[in-house]
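*Asks:* Fold the following and give me the result.
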Amino acid sequence: MTRCRLCGSATLASVVDLGATPPCESFLAADQLDLPEPAFPLHLRVCTDCWLAQIPPLITPEETFKEYAYFSSYSTSWVEHARTFVADAVQRVGLDTRLDTDGSDAFVVEVASNDGYLLKHVVDRGIRCLGIEPSVNVGAAARDAGVPTLTEFLDPAIGSAVRAQHGPADLVVANNVYAHIPDVVGFTQGLRALVADDGWVSIEVQHLLTLIEENQYDTIYHEHFQYYTVASATRALASGGLALVDVELLPTHGGSIRLWARPVEMAGEPTQQVADVLAREKAAGLQELTGYAEFSARVAKVRRDLLRFLVEAAERGETVVGYGAPGKGNTLLNHCGIRPDLLPYTVDRNPYKHGRFTPGTRIPILPPEQIATDRPDYVLVLPWNLRAELVEQLSFVHDWGGRLVFPIPELSIVEVKA
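*Replies:* Predicted structure coming up:
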């Protein structure tokens, strides 16, 4: 990668180099274990002109998302997050008002709608909606759940085609997808094509500020092509004719931002909250190289601490198994070089992953019930962003004195209560 994908600048500075890893969602079937496995450099750089953090686009979205292993509905907390968002967004955008008073046919589009986890709440309210989801398998699950879903990648042409067929959208939702597309300008233009001239766009994406501050380096993987501050997101939105008008700070994924944008012609002045978050980012040094200087050293410490714990547990004859097989976990496992000798298996609620193996590290993925059967001394929690939810779900390990281990932002061992 020689130029910034947003502004075209050639001034890219290294933030952290995690070596070469396989794509994080390329889980292996048993008959693939003796076959070669491709790995790609995972090197985060930041543009010193527009301050967009980014990795090289070495794999295409088509390679990752046509058949996808992640189903949003398997996270209880994420489904509840979506339900709350829909309730709030209906009020904010006035969808109920439009339906009740002026007779307009309100319309909501979600891009990267996954298995319908969010739009099902829109359907339940009787509001017309459409999901645009590139993955064939999860899109089919959404349709089975009663959520109208188009199997496509969003670009300006698809956005225009959807608008021509269904009309402009009063609300376009793009949660956890704005980092997943290498053509950020074309994708943003697609959002603008979808949204009504007086409509709203809501985007949720991980906040680079918390990624840096909380050592969340495992969220750097090949699916995520860029990592946003509010400052860089504002520039990205402008590239497609959208203007940021408000921002919310969210706890999801360890710290995310919800960007509320409108077509530039209707946007008006941004809220004070936008100015406040921009000031926080500037104070953290994220618009100069000083804000990134210590990150690589802190990442290395996470790796050393986790490996030291696993090796010492093995030498004491204690057992450690994993919980979850998220994309972020595969970055962590590969960067640390963890194999089945230190982590004999991990478990996951998603049946799609059962019987498969983690990419690169080739750790077996089993059903969650295996933990109660084996009664390990420790459970290494890979989706650390769901800490509160999983401490409750895994409280049963207290029955035999088991403990939970969280590797991020620093190694912590948790005694769970019954």
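*Asks:* what number of residues lie near Glu288?
*Replies:* Other residues near Glu288 come to 12 when the count uses other C-beta atoms under 10 Å. (C-beta placed from N, C-alpha, C; glycine too.)
*Asks:* for the one 5 residues further on, same thing?
*Replies:* Counted by other C-beta under 10 Å, the residues lying close to Ala293 total 11.
*Asks:* Pop out the phi and psi values for it.
*Replies:* Geometry field for Ala293 lists phi and psi as phi -70, psi -40, criterion degrees, to the nearest 10.
*Asks:* What separation is there between it and Arg375?
*Replies:* Taking C-beta to C-beta, to the nearest Å as the measure, Ala293 and Arg375 are separated by 44 Å.
*Asks:* pLDDT below threshold where in the stretch 151-300 of the chain?
*Replies:* Residue ranges of the stretch 151-300 of the chain with pLDDT under 70: none are present.
*Asks:* mind checking the longest helix of the protein?
*Replies:* Of all the segments of type helix in the chain, defined by DSSP state H, the longest one is helix 295-315.
*Asks:* Quick one: distance of the very next helix or strand once past that helix to the chain centre.
*Replies:* Heading C-terminal from helix 295-315, the first helix or strand you meet, by DSSP states H and E, is strand 320-323. Averaging C-alpha positions (C-alpha atoms, centre = their mean, to the nearest Å) puts strand 320-323 22 Å from its chain's average.
*Asks:* ok, strand 320-323: who's next to it in the sheet?
*Replies:* For strand 320-323, the paired strands and their directions (DSSP bridges) read strand 346-347 (parallel), strand 378-381 (parallel).
*Asks:* Show me what the longest helix of the chain is packed up against.
*Replies:* Helices and strands touching helix 295-315, as assessed by 3 or more C-beta pairs under 8 Å, 6 or more residues apart in numbering; DSSP states H and E, comprise strand 12-21, strand 320-323, helix 327-336.
*Asks:* Let's see that with 7 Å instead.
*Replies:* In terms of contacts (3 or more C-beta pairs under 7 Å, 6 or more residues apart in numbering; DSSP states H and E), helix 295-315 is packed against strand 12-21, helix 327-336.
*Asks:* quick one: buried residues of the lengthiest strand in the chain?
*Replies:* Secondary structure assigned by DSSP state E gives strand 195-206 as the longest strand of the chain. Counting neighbours by 16 or more other C-beta atoms under 10 Å, one finds that the buried residues in strand 195-206 are Val195, Ala196, Gly199, Trp200, Val201, Ser202, Ile203, Glu204, Val205, Gln206.
*Asks:* May I ask which two of those are separated the most?
*Replies:* Spanning the widest gap among those are Ala196 and Gln206, at 27.7 Å by C-beta to C-beta.
*Asks:* Okay, now the unreliable bits of the stretch 301-418 of the chain?
*Replies:* Confidence mapping of the stretch 301-418 of the chain against pLDDT under 70 gives the ranges 418.
*Asks:* re the thing from before, which residues touch the next helix or strand after the longest strand of the chain?
*Replies:* Next helix or strand after strand 195-206 toward the C-terminus (DSSP H and E): helix 208-213. Contacting residues not belonging to helix 208-213 are listed as 53, 216, 219, 227-229, 254-255, 280-281, 284, 286, 291-292, 295 [C-beta atoms under 7 Å, 6 or more residues apart in numbering].
*Asks:* With just CA atoms, put helix 208-213 into CSV.
*Replies:* Taking Å, rounded to 0.1, in the frame of the first residue of the first chain, the C-alpha atoms of helix 208-213 are listed here in CSV:
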residue,chain,number,x,y,z
LEU,A,208,-9.8,4.4,16.8
LEU,A,209,-9.5,6.4,20.0
THR,A,210,-10.5,3.4,22.2
LEU,A,211,-8.6,0.9,20.0
ILE,A,212,-5.4,2.8,20.8
GLU,A,213,-6.1,3.7,24.4
